[in-house]
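> here is my input; please provide its structure:
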Amino acid sequence: MADIGIMGGTFDPVHNGHLILGKQAYEEYGLDAVWFMPSGQPPHKKDRHVTPAGDRCAMVKLAIGDFPEFVFSDFEVLREGSTYTAQTLALLKETYADHNFCYIIGADSLYEIESWYHPELVLSGVPLLVADREYGQEHLPLRRQIAYLTDKYKARIRLLHCGGMDIASQEIRRLAAQGQSISGFVPKAVEAYIKSHQLYLS
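Numbers count the residues shown, from 1 in each chain. Below is the predicted model:
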């Protein structure tokens with residue numbers, strides 16, 4: 001049985017914070033690999049333009065190219081229509097019965113998770129590895145949220161002790177649209193791809 005961490009998301013664009021989070025999960029929990037899985041049609045982002053899947057996948061492949069522990073997965077992108085995490089996790093367990101999966105998320109997602117499609121299936125389906133950016137301080141709100149979800153959904157939630165990067169894809173898109181530097185926020189190859197394909201320009 002291989003232990004696989006799933007890094008899901010729009011990755012619009014993938015950035016260094018995603019890589020730090022994946023690396024921490026891989027090392028802290030002794031995973032065999034971390035699969036970076038761009039979403040197809042994210043149902044919660046219908047109110048904004050999402051960069052075509054081909055570009056988002058290309059950027060992920062460039063970002064993880066130097067990390068043998070990271071694997072690109074088109075499992076969600078190849079599915080038709082809106083892709084929901086609950087469905088993806090169920091399909092993964094069916095398709096790869098010889099793997100143990102866990103789902104890697106940021107702390108912000110843990111506060112929003114009850115608004116997801118069938119959160120009970122996500123929370124009871126696989127263990128969640130949650131980034132704790134407040135490591136070193138006692139982050140009581142996060143501890144309370146974990147206790148609440150564990151009690152209500154029998155969730156298995158583990159903390160990832162990483163500072164991470166205080167940068168969001170939305171901010172990177174804003175900087176790129178204004179012609180400002182995004183160096184340091186994304187891998188060099190991703191920065192070059194965004195420039196050469198003129199992504200995020202207003």
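
> what segments of this structure are strands?
Here the chain has its strands, by DSSP state E, at 2-9, 33-38, 70-72, 99-106, 128-131, 157-160.

> quick one, which of those gets closest to I172.
Smallest distance to I172 across those (C-beta to C-beta): 13.2 Å, for strand 2-9. For the C-beta atoms, the positions are set from N, CA and C on the backbone; glycine is no exception.

> which strands or helices does that closest one pack on?
Judged by 3 or more C-beta pairs under 8 Å, 6 or more residues apart in numbering; DSSP states H and E, strand 2-9 is in contact with helix 16-28, strand 33-38, helix 85-95, strand 99-106.

> rerun that using 10 Å as the cut-off
Here strand 2-9 touches helix 16-28, strand 33-38, helix 53-64, strand 70-72, helix 85-95, strand 99-106, strand 128-131, going by 3 or more C-beta pairs under 10 Å, 6 or more residues apart in numbering; DSSP states H and E.

> would you mind extracting the C-alpha trace of it into CSV?
Written as CSV, here are the backbone C-alpha positions of strand 2-9 (Å, rounded to 0.1, in the frame of the first residue of the first chain):
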residue,chain,number,x,y,z
ALA,A,2,1.4,3.4,-1.0
ASP,A,3,0.6,6.4,1.1
ILE,A,4,-0.3,9.3,-1.2
GLY,A,5,-1.0,12.9,-0.4
ILE,A,6,-3.4,14.7,-2.7
MET,A,7,-2.7,18.4,-3.3
GLY,A,8,-5.8,19.6,-5.1
GLY,A,9,-6.8,23.1,-6.2
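
> chain center to that strand, what's the gap?
9 Å (C-alpha atoms, centre = their mean, to the nearest Å).

> same thing with stretch 119-132?
That offset, for stretch 119-132, works out to 13 Å (C-alpha atoms, centre = their mean).

> straight-line length of it, end to end?
20 Å (C-alpha to C-alpha, to the nearest Å).

> one more: stretch 160-170?
For stretch 160-170, the separation between the terminal residues is 23 Å (C-alpha to C-alpha).

> ok, now stretch 84-104?
Terminal residues of stretch 84-104 are spaced 15 Å apart (C-alpha to C-alpha).

> and that stretch, what's buried?
Y84, T85, A86, Q87, T88, L89, A90, L92, F101, C102, Y103, I104 (16 or more other C-beta atoms under 10 Å).
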